[in-house]
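*Asks:* Below is the sequence, then the predicted model.
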Amino acid sequence: MTGLLHIPELFAASANLGVLAVAEGPVALIRGTARYEAAAGTPLQSGDFIDSDESALQIEGLAGARLATGPHTRLYLDRKGTANRVILLSGWLKIDALPGTNGEKLRVNATSLSLDVSHAVSVIHTDGSDIEVFCEAGALPLSVDSAGGVSAHTVNLRHEEYAQRKGSGPVDSTGRPDAGFLQSMPIAFFDPLPPAALKKQPALVPGKLREVSFEDVAPLLSQLPKADLRALAKRFAPRLADASFRAAVTQQFGGTLEWETELYRFERSAVRR
């Protein structure tokens, strides 16, 4: 475990959730209204949107857990108080919940499932519509979210139990992982996640590339739970000053309360100027 000795120094600041401990290549990171290029050693914050692209990633220190992704995986990180959340928009995620979390909880939202991964080793895969979940060890409660955001149905997975849900259909938790799941799962996920050996060094500051385009944030705006859309619209409202961003928002989300409010504020601001 010596490779973990210096990791706390990289996410000691209260704004940081953990650290991007392993990255096979450059990682797309959206923070605030800008797109960055992140690498191993980058502290992660609430509100970060990560696209692994061709890389496999490992995150340390998020609510005392170790997380790994496969390539082409998109994640959104969020924390409110002691509640930590990972929204898996697409791809593969393995989570090893470690002891000593100081009471912090870790949940994963994917499609319309909410999973308490605080006490399990779990593997989750989604293509943005269908979802598969495997409890490698521990206990893994998963809930189906209703339209109002209230849990409508709960399934409890235990050691080596598997569940899947296709679209808005029922959760099928009657068997073990099927051959397709095992064949598609990243090879590294078959073994325990190793601790990352980070060298003692200052936290890496990600390099800012540019302000986000609509295409950069479209997965967030279209796939995050409805309860988060108001905060997202407010967050990206400054980008309405860009004509192409504003046109895309108007086309895709015109008529929604969240964006109509921000478009109205932008237009009023433009008139005053």
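*Replies:* On my side now, so go ahead.
*Asks:* From the recorded domain assignment, give the ranges for the protein.
*Replies:* Per automatic domain parsing, the structural domains of the chain span 2-190, 212-272.
*Asks:* Give me the average confidence score over the last one.
*Replies:* Per-residue pLDDT values over domain 212-272 give a mean of 93.
*Asks:* Please identify the most buried of the domains of the chain.
*Replies:* domain 2-190 (a mean of 18; mean count of other C-beta atoms under 10 Å). (Glycine included, C-beta is placed from N, CA and C.)
*Asks:* which residue sits closest to R230, ignoring its sequence neighbours?
*Replies:* E258 (4.9 Å; C-beta to C-beta, 6 or more residues apart in numbering).
*Asks:* same thing with V205?
*Replies:* Using C-beta to C-beta, 6+ apart, the closest residue to V205 is T42 (7.7 Å).
*Asks:* Each with direction, which strands does the top strand by length along the chain pair with?
*Replies:* Looking across the chain with DSSP state E, the single longest strand is strand 83-97. Within its sheet, strand 83-97 is paired with strand 65-69 (antiparallel), strand 74-80 (antiparallel), strand 105-110 (parallel), strand 120-126 (antiparallel), according to DSSP bridges.
*Asks:* Name every strand pairing with the very next helix or strand once past the third one and say which way it goes.
*Replies:* In this case it means strand 105-110. The element immediately downstream of strand 105-110 (helix or strand, assigned by DSSP states H and E) is strand 113-116. Next to strand 113-116 in the sheet, as set by DSSP bridges, lie strand 105-110 (antiparallel), strand 140-145 (antiparallel).
*Asks:* Pipe these into CSV and attach distance to L182 and mean pLDDT per row.
*Replies:* Converted to CSV, those look like this (distance: least, C-beta to C-beta, whole Å; pLDDT from 0 to 100):
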stretch, distance to L182, mean pLDDT
strand 105-110, 19, 92
strand 140-145, 18, 90
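*Asks:* quick one: which of those is nearest L229?
*Replies:* strand 105-110 (13.7 Å; C-beta to C-beta).
*Asks:* contacting residues around the closest one?
*Replies:* Strand 105-110 is contacted by residues 62-65, 82-89, 93, 95, 97, 114-118, 122, 124, 126, 131, 145, 225 when judged by C-beta atoms under 8 Å, 6 or more residues apart in numbering.
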